[in-house]
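Asker: starting from these lines, generate the structure:
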Amino acid sequence: MGDYDRKPLMTQICRSISECMARFDPDLSMTYAFVGVTDNKVIDFHRDRNINVDKLRHGLADLQHEVDDWEIVESKILRGATLPFVLSLHFESMAGIPTNGHLCIVDLNVVDWSPTSSPSRIASNPIPGAELGDAAGATPTAMSNNSRLQQSIRSLSSMIHLLANDAILTGVTIPNNALVNLVGEFLYGESKTAFVIYQNTDEAASHDLETAIELMKSLRKLKSREIIRTVDRRVLFFYEKAKYYQGEKYRLQDELADTQEEKEQLEKDLDDIQRDFSEERDALFKEVEHWQNKSKSLEGTMEALKTESAGLEADARWENAKLVTEKLAIKDELRRAEIEMTAAEDAKSQLLDLYENLQTSYGNLDS
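Answerer: Residues are numbered from 1 along each chain as shown. Here you go, the predicted structure:
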């Protein structure tokens, strides 16, 4: 495809699915997985979350979500993606003979084939133990995310060429990456798989075009059309049970995802509470320390006042004793003065008596 525009193609695919669902079994049930692929992670577009590929033990089966409303799923698909993506649609019908079908679309985005060698040479020389991809010896940390992603696509291409040419894969090292792990399961007849490659058709990109055409030839050699298997009516009961428990599994997966989101939100709230509590606790510690210092200062002031008060009390007792002593001395002086006054009065009386006696004697002399 010359123009890198996914929306027209995906719109056409979604329209075809809607028409088929309306034309066939109205009780048709469907689950889907829609993931973008990076160098070592997948992005679940249903829940908009990143997932390490190591956690996907059952490939895309771990990311299947039950479709309750096709229009909602269609809007998520038509929202588009800038990464290579895998769209997996699994259909089940219980009308007549129970059957199931699986459609997978692998969009490899715009592929840069320039660093890789010719796929025909890789396919014609399946040496046991050979490394797939040209950057196998490069240090991953020295490669950008885009270059690692391109390496993942080239590794998938190498594996497809080996499988298409009936190569013996024993001992062949296939780089472990998200794209190979997710797409590999759709190369063995378990799904009707469509690969989409956006290719520059300019004359300067003729090598890339030839490489893409060789990849298409190898894909056509693979039995990538789904093998439809009918279900015996004798096992219909168990099929219905399996379908019920599969639905319960998807429901529990969704509940688990919701619970995980609630857990993360609660953990975030707990972190906020702990942070606020820590800040409040630090503020209280500072305030307690301030009042403790102030209390120590007041205690020192009280001790100084007590010492000063004791000194003043001692001075007051001393002054009081001094005043009492002075008072007693004054009383003694008053008593002596009273005695002296009494003596003076006695002397005065005696003098008066003497004076009177003298006058009497003088009068007697005159007569």
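Asker: need the contact partners of the host helix or strand of E71.
Answerer: Assignment of secondary structure by DSSP states H and E places E71 within helix 70-78. Contacts with helix 70-78, where a contact means C-beta atoms under 8 Å, 6 or more residues apart in numbering, come from 7, 10-11, 14, 17-18, 21, 30, 32, 34, 45-46, 67, 87. Heads up, the C-betas are built off the backbone N, CA and C, glycines and all.
Asker: which one of those is nearest A343?
Answerer: Nearest to A343, judged by C-beta to C-beta, of the contacts of helix 70-78 is H46 at 132.0 Å.
Asker: so for the helix holding E71, what gets flagged as buried?
Answerer: Residues of helix 70-78 classed as buried: 70, 73-74, 76-77 (neighbour count, 16 or more other C-beta atoms under 10 Å).
Asker: any idea how far whichever strand or helix holds L103 is from the middle of the chain?
Answerer: Per DSSP H and E, L103 falls inside strand 99-110. Here the centre of strand 99-110 is set off from its chain's centre by 33 Å, with C-alpha atoms, centre = their mean, to the nearest Å.
Asker: elements contacting that strand?
Answerer: strand 85-93, helix 145-164, strand 192-198 (3 or more C-beta pairs under 8 Å, 6 or more residues apart in numbering; DSSP states H and E).
Asker: quick check: buried residues in it?
Answerer: By neighbour count on 16+ other C-beta under 10 Å, the buried set for strand 99-110 is 100, 102-109.
Asker: beta partners for the closest residue to L28 other than its chain neighbours?
Answerer: Among residues not flanking L28 along the chain, S93 sits closest, at 5.2 Å (C-beta to C-beta, 6 or more residues apart in numbering). S93 has these beta-bridge partners by DSSP bridges: T99.
Asker: wait, isn't S93 in contact with N100?
Answerer: Yes. Look at S93 against N100 with C-beta atoms under 8 Å: they come within range, at 7.3 Å.
Asker: re earlier: in the buried residues of strand 99-110, find the pair that's most separated.
Answerer: N100 and N109 (29.3 Å).
Asker: I'd like the distance between V180 and E210.
Answerer: 23 Å (C-beta to C-beta, to the nearest Å).
Asker: the residue nearest to L28: how many residues sit nearby?
Answerer: For S93, the neighbour count with other C-beta atoms under 10 Å is 17.
Asker: pLDDT-wise, which helix or strand of this structure ranks last?
Answerer: Here the helix or strand of the chain ranked lowest by mean pLDDT, DSSP states H and E is helix 119-124, holding a mean of 40.
Asker: so where is the stretch 151-300 of the chain shaky, pLDDT-wise?
Answerer: Scanning the stretch 151-300 of the chain with the threshold set as pLDDT under 70 gives 166-176, 185, 188-191, 200-207, 223-237, 239.
Asker: the chain: strands as residue ranges?
Answerer: Assigned by DSSP state E, the strands in the chain fall at 29-37, 41-44, 49-52, 65-66, 85-93, 99-110, 192-198.
Asker: which of V180 and E210 has more neighbours?
Answerer: V180 (19 against 14).
Asker: which residue packs closest to the more buried one, ignoring adjacent ones?
Answerer: V180's closest residue in space is L156 (C-beta to C-beta, 6+ apart), at 5.3 Å.
Asker: isn't that neighbour up against L179?
Answerer: Yes. Judged on C-beta under 8 Å, L156 makes contact with L179 at a distance of 5.3 Å.
Asker: between the two, which one's more packed in?
Answerer: Applying other C-beta under 10 Å to L156 and L179 shows that L156 carries more neighbours, namely 29 against 25.
Asker: enumerate every residue touching that one.
Answerer: With contacts defined as C-beta under 8 Å, 6+ apart, the neighbours of L156 are 108, 179-180, 183-184.
Asker: let's see it at 6 Å
Answerer: 179-180, 183 (C-beta atoms under 6 Å, 6 or more residues apart in numbering).
Asker: quick one: which of these is nearest to E319?
Answerer: Nearest to E319 among the contacts of L156, with distances taken as C-beta to C-beta, is L179, at 104.6 Å.
Asker: contact partners for the closest one?
Answerer: 37, 152, 156.
Asker: and these, which is closest to I339?
Answerer: Relative to I339, the closest of the contacts of L179 is V37; by C-beta to C-beta it sits at 131.3 Å.
Asker: what's the neighbour count on the closest one?
Answerer: Neighbourhood size, V37 [other C-beta under 10 Å]: 29.
Asker: same thing with the one 5 residues further on?
Answerer: Applying other C-beta under 10 Å, we find 26 residues neighbouring V42.
Asker: doesn't N181 make contact with it?
Answerer: No. With contact defined as C-beta atoms under 6 Å, V42 does not count as touching N181 (9.0 Å).
Asker: for the strand holding L103, list the C-alpha coordinates in CSV.
Answerer: The C-alpha trace of strand 99-110 is given here as CSV (Å, rounded to 0.1, in the frame of the first residue of the first chain):
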residue,chain,number,x,y,z
THR,A,99,-18.9,-24.0,15.5
ASN,A,100,-16.3,-21.4,16.2
GLY,A,101,-14.1,-19.2,14.0
HIS,A,102,-11.1,-17.0,14.5
LEU,A,103,-10.0,-14.0,12.4
CYS,A,104,-6.7,-12.3,13.0
ILE,A,105,-5.3,-9.2,11.4
VAL,A,106,-1.6,-8.5,11.8
ASP,A,107,-0.7,-4.9,10.8
LEU,A,108,3.1,-4.6,10.5
ASN,A,109,3.0,-0.9,9.9
VAL,A,110,5.7,0.7,7.6
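Asker: pLDDT on that strand, on average?
Answerer: Regarding strand 99-110, the rounded mean pLDDT is 80.
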